[in-house]
Structure formats: C-alpha cells, structure tokens
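Engineer: missing the sequence, but the structure's below:
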C-alpha cells in the first residue's frame, strides 16, 4: 500500500488532481531519475550477484539512448574480467516441440544441482509479440520463482544483428553476476539459429518423434550445427516412435563430416513433462565440455566466435555509414535512374558511388 | 601449314634457334599485341555480330589486368544501348540430370526457330576443373558447330561475386552482338543458383523422376525460385515415375505463396535425349514473357536485379577496402588479441577500428 501511495498517478484522498499536484509529480519523477545508480555502483552490485542491478544494466544495453549505451559499455568493460566462465548452451526447436517445458525442467534440474542459471533468448520477431516463449514467463512457473534462475526475454530490435549484439552483451553481464550456466533459446525462425550457434559452446536441437519421415522439414544446416538432438515427449504412446526416430537421426548424423570439435553429436530421448532424460542431457553437455576443454576446442571456438562478431559488426556499420550518407543517398537515386535508362551498368555505378565518399 | 610457320616458336628449317631469332620473335609478338583492335573497333564489330570480336571483348572482361578492364568498361558502355533486348533463361539441376543434353537440344531447337542463342555459365568451382558442363564443350557437339549459337564456359574467379559480375557483363556484350536468347547454366552448388536467378528473366529447374520421395534433397529455396520444373529423361521405363513426380511437384508448388510475377510455376515432362517436350518448355517461357511483359513485372524485375547488383558490388568493395587497409590489418590483430585476453568485446573493438579509418 505504501508503494501505491508513492505513485505519481495516485490521487491523495479528498484532493482532486490539480496542476500543482502534477508539477510536484513531475518533480518526483525527475528526482527518481536522478537517483539512478552510477555505472560503478551497478558494476559492484552486479559482481555481488544483485539481480536488480543486473536487470538495470541489461536495460541500459537494450536502450536506444546514446548516454545509456555509453554507460552500458562502461559497465560491460568492467564486467569483462569476471565473465567468460559459464557454460553457454543454445537450445532450438520448432514451435510445439515443448521448449518452454524443457527449459523449465532443465533449468530446475540445474539449480537443483547448485547451478545458477540465466535463460536468455534470440528472437528478432518478438517485437511482433509472436514466437518467443520467454515473452510468456507464465509457462515457466517454477523457474521464474527460483532464486538461482534469471529469465530475460529477447531484446526487441529491428534487426537480428542488433538483437544478437544485445544478447551477447547480456551474457557478459550475467556471467559477471555469477551465473555459471547460460541458456539461450531461439524459436528457430530464419537466421536466428545461426546467431545463437555463434555465441554458445553447445547447441541442442529439440525434436519430436512424428509420423512419417523424421528428417523432412529440418533444415540441413540445423542438423549440422547440433551437438545433441533430444527427442522430447518420448513418453506414453510416443515412446516407440521416439525410439525409431533416435535410430533414424543417429543414421543421419553419420552422414555428416566430423566436426572441428572432434565431438560426435549424440541423440537422446527425453520427456520434459515427466522430468525424464534431463540428467542424461546434462551429462552429455558435461562430457562435451570435458572433451573440448582437453582438446582446446572450447577456447578456440570462443575466439572464433569473437572474431566472427567483430567482423560482422564492422561490415554492418560500414554499410550503414555508406548508405546513410546524404550525398550517397542522392547520387544512388541518380545512378539507379541511369541504370534504368541503360546509360550505365550496376558495376560502373558502384565504381562511381564508391569514388564519391 | 602457313599458320604454323607464323609461330614464333617454330624454328626455320636448317636454322637453329639463336639469340637473334629470339629477339625477332619477341618483336613479332609485340607487334602482334599492338595490332589488338581498339575498343571502338571491337564495339562496331560486336554490333555487326562478329563472334571473334565478341570473344575478345569477353576476354577483356575476364582479365585481371587494369588496362584490359578499363577497355572492357568502355566497350560495355558503348554496347549498353543495344543490350537488354534478349530473353534470359537460367537453368539449374544437380549433376546427372542431363543438363548438357538438355541445353544441346533446347539450344538447337531455338536456333531452328531462327533464334540466336548464347550459352553462358556461372560456376565458381570451374577453376578446379570440376562441375561446369560447359568446360567440356564436346558434350554439346551440335550446338558448338551451330553458327547461331555461342558457347562460353564460366569465367574463372576466386569468388562467386567476381564470377557473377563477369557473366553479367558478358550478357550485355552477347545481347549487343545480336543474341536474342541467353541461357545461363549453373551446376547448382552453393549460392550460384541465387546468383543466376538474380540475372535472368526465367528460371528453369531440371529434375529427374527418381524412386522414393521426389522432394527430398531439394533445397526449398530452389523450388521457390523456379518458374518451371522440367522432369528430364521422362522416357522408356522412367515415363511412369516421371508422371508421378509431376503430380507431386505440382502439389508441392501449390504450397508456396504466389509469386510477385503473378506467374504460376509449371511442371512439365521432357526427354532431351529424344527431343521430346522441348517445344513445350519454350512455349511455357514465351507465355511467361507475354504475361510478365503485360503486367510489367519483366521490366520491374530487371530493375530490381540491377539494384541488387549495385548494392552487392558496393558492399563487397566497402569490405575489401576496409580490411585490406594496412593500418586496419595491423590494429585488427591487436584488437583480436585484446578480445582473447578479455580486455575488450568484439563490439567495442569494432567501434575502435571503425574510428581509425
């Protein structure tokens, strides 16, 4: 109740809203804004595992305000020496495969083992309020209440590149806050799997055993990325077809060339709803981490991922810098007109435009 | 025999090779080089349908020599007002589908109809002497001898972008030389189909009727690009399964959203070996051209293609200009080192590098 009274939108009893109340409300809001903790404060709170500070820092990362982004960069830089120590697991699967139930079961299993679990998402479509399971936290009732779990929906953003950048920076903040297992889910639309794959250590594909050809409708690229395929809902009537699907996936995986990690992808059955097979999946991930730590692939892969993001970011910015230049914008239009009139070729026009800047 | 004597490498009878002969040989070679026709000469010869001049101009387009490329650009610019008047047909299909036999039959049918046919290829792998059917002209015996046909293998080049650019410029030259039908084939590896699709008016997918699921193993994207699917080798024992395949493809095509061209992709049977169904395919293409000329999609599509190539070329060059800069090369290395030591993030490093140039 005290909280409610603090709200600037709450009228005092017996006093109707007036200009004066509004002015004092605005002042209150401004004061509250000024009270925002400094970057240094947020960093020390994050390093102490303070979830409110973590959330605030992520909000800065996701902001479009330049001052916020600058503050976010300061915080990230200070957090960096304390990051990079978690196991990062990517999870994908088509809608209906039971991803939210799986993450609920898997996350709860991990916190039960004494782990601290952060669940993030890459979902460029979430701004359209479709797709992301994390948008609907109510589907993960237990995990939401778990004090050793931190759930954060996909940042919204116009481009996959922007969303991915924000999620990668959020990983650093979560790691600095002491989360030792980071789960990144994606709804598996478009290129988002590739983005998730390029920021995790281990990539898990969730599948269902269906009637008919198990391999139909799966993008070849996804299978190639998977370090393990878990066939979910392998219970009751589905148990038999799930076993058949396991055989078929195992056969399919044999057709792929050996991975750089020297890891042989595993196929396993689970029922997230009945908490079956969850421990096996965690064992597979631990085996993977063991092997790839020993052969140094884990470190090598993270370096390659960093390089990939560095190059990607530069390319994105080079393009936007060029095409958002006013002179280029104008001349691009002219050149397109000349091309349409068969007076120049796209290649000659490109030469001309590149010489302008 | 006279020709052979002209060779600088041919010794005169009774006279052994001496320094003096070599010097005169070199002079002869140099004189020959000087005798290369000018850009203006080549243009007027090309416009007269001179195949030797056309070949020479294409060689300039494919050259890595800056002076040659400059000359090539002059020629292309002069040819442009005479280009853009052909029907451009892209043909793809996996190895073994009978592409060379099909192009032989299709090309011969067209020249029989009074058409002038140029056959080009996009095959970034051809430098490895694998893949391109046009590398082996002997497979198209009749078409090679046909004076109304012009066959040119894929330009070699390190990147698909480079190969595609050269082929697009070659299209312009062929059109200026009076070729009214341009066939561009690709072996269907990697992204080359997309490149071909982005430079043709009509995209034909060749398929075989096989045992089992007809749709397996076809990249979804390819089906989406196709304006027609021709099931080849639909003869003898294959006739029945080809008909079944036709039904299945027709059903599959119905699942795709309507094309921007408002054209409904057709499925047809043919036997290139027995010259069956070739006329039907040409009729389909003519229908397509009629419809898309009427609804203006043909012109709109070519404009969009030009825009695509303009943007692509600029992006390619922006990247190579940036990453080939000596200062950037050096600092990129440093930044990668700092990232590896957790002292900066890929995004902060990108900001730093972009500010350098």
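Structural biologist: Perfect, thanks for sending it. Everything numeric here is computed off the predicted structure, so don't read it as measured data.

Engineer: please enumerate the helices of the stretch 201-350 of chain A.
Structural biologist: A:220-225, A:239-254, A:278-294, A:297-323, A:326-340, A:346-356 (DSSP state H, counting those that start in this stretch).

Engineer: could I get those as TSV with distance to residue A:120?
Structural biologist: The way it works is simple: take the backbone N, C-alpha and C, and place the C-beta from them, glycine included. Below are the helices of the stretch 201-350 of chain A laid out as TSV (distance: least, C-beta to C-beta, whole Å):
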stretch	distance to residue A:120
helix A:220-225	18
helix A:239-254	27
helix A:278-294	17
helix A:297-323	15
helix A:326-340	36
helix A:346-356	39
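
Engineer: tabulate these (a markdown table), appending mean neighbour count.
Structural biologist: Output for the helices of the stretch 201-350 of chain A, formatted as a markdown table (neighbours: other C-beta atoms under 10 Å in any protein chain shown):
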| stretch | mean neighbour count |
| --- | --- |
| helix A:220-225 | 16 |
| helix A:239-254 | 16 |
| helix A:278-294 | 16 |
| helix A:297-323 | 17 |
| helix A:326-340 | 14 |
| helix A:346-356 | 18 |
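
Engineer: spell out which parts of the stretch 201-350 of chain A neighbour chain B.
Structural biologist: Residues of the stretch 201-350 of chain A found near chain B (C-beta under 8 Å from any C-beta of the partner chain) are A:213, A:216, A:303, A:306-310, A:313-315, A:317-319, A:321-322, A:332, A:335-336, A:339-340, A:342-350.

Engineer: which helix or strand contains the closest residue to chain B within the stretch 151-300 of chain A?
Structural biologist: Closest contact between the stretch 151-300 of chain A and chain B, by C-beta to the nearest C-beta, is at residue A:165 (5.9 Å). Using DSSP states H and E, residue A:165 sits within helix A:160-176.

Engineer: thinking again about what came up before, and residue A:59, which of the helices of the stretch 201-350 of chain A is closest to it?
Structural biologist: helix A:297-323 (21.4 Å; C-beta to C-beta).

Engineer: of the helices of the stretch 201-350 of chain A, which is nearest residue A:27?
Structural biologist: Smallest distance to residue A:27 across those (C-beta to C-beta): 39.5 Å, for helix A:297-323.

Engineer: tell me the angle of the closest one relative to helix A:326-340?
Structural biologist: The directions of helix A:297-323 and helix A:326-340 differ by 80 degrees, with axes from the mean of the first three to the mean of the last three C-alpha atoms, to 10 degrees as the criterion.

Engineer: helix A:297-323: how far from the chain's middle?
Structural biologist: Put simply, helix A:297-323 sits 16 Å off its chain's centre (C-alpha atoms, centre = their mean, to the nearest Å).

Engineer: that one to helix A:160-176, inter-axis angle?
Structural biologist: On the basis of the same axes, to 10 degrees, helix A:297-323 is oriented at 140 degrees to helix A:160-176.

Engineer: next, count neighbours for the residue of the stretch 151-300 of chain A closest to chain B.
Structural biologist: Neighbours of residue A:165 under the rule other C-beta atoms under 10 Å in any protein chain shown: 24.

Engineer: with residue A:88 instead?
Structural biologist: Residue A:88, neighbours per other C-beta under 10 Å, totals 22.

Engineer: got a pLDDT number for it?
Structural biologist: In this model, residue A:88 is scored at 98, pLDDT.

Engineer: repeat for the one 3 residues further on
Structural biologist: Residue-level confidence at residue A:91 comes out at 95, pLDDT.

Engineer: residue A:48 too?
Structural biologist: At residue A:48, the predicted lDDT confidence score is 97.

Engineer: from residue A:146, how far off is it?
Structural biologist: Separation of residue A:48 from residue A:146 (C-beta to C-beta, to the nearest Å) stands at 19 Å.

Engineer: now swap in residue A:306 and tell me
Structural biologist: Taken as C-beta to C-beta, the span from residue A:306 to residue A:146 is 31 Å.

Engineer: also residue A:281?
Structural biologist: 18 Å.

Engineer: tell me the domain ranges of chain A?
Structural biologist: A:34-82, A:83-296, A:308-356 (automatic domain parsing).

Engineer: now the stretch 151-300 of chain A, which segments are flagged as low pLDDT?
Structural biologist: When residues are selected by pLDDT under 70, those of the stretch 151-300 of chain A lie in A:158, A:188-190, A:210-220.

Engineer: can you rerun that using 80?
Structural biologist: A:156-159, A:187-191, A:209-221, A:255 (pLDDT under 80).

Engineer: ok, back up a step: for the residue of the stretch 151-300 of chain A closest to chain B, list the residues it contacts.
Structural biologist: The contact partners of residue A:165, by C-beta atoms under 8 Å, 6 or more residues apart in numbering or on different chains, come to A:309, A:313, B:347.

Engineer: swap the cut-off to 10 Å and go again
Structural biologist: Applying C-beta atoms under 10 Å, 6 or more residues apart in numbering or on different chains to residue A:165 gives the contacts A:61, A:155, A:157, A:159, A:195, A:199, A:309, A:312-313, A:316, B:345-347, B:350.
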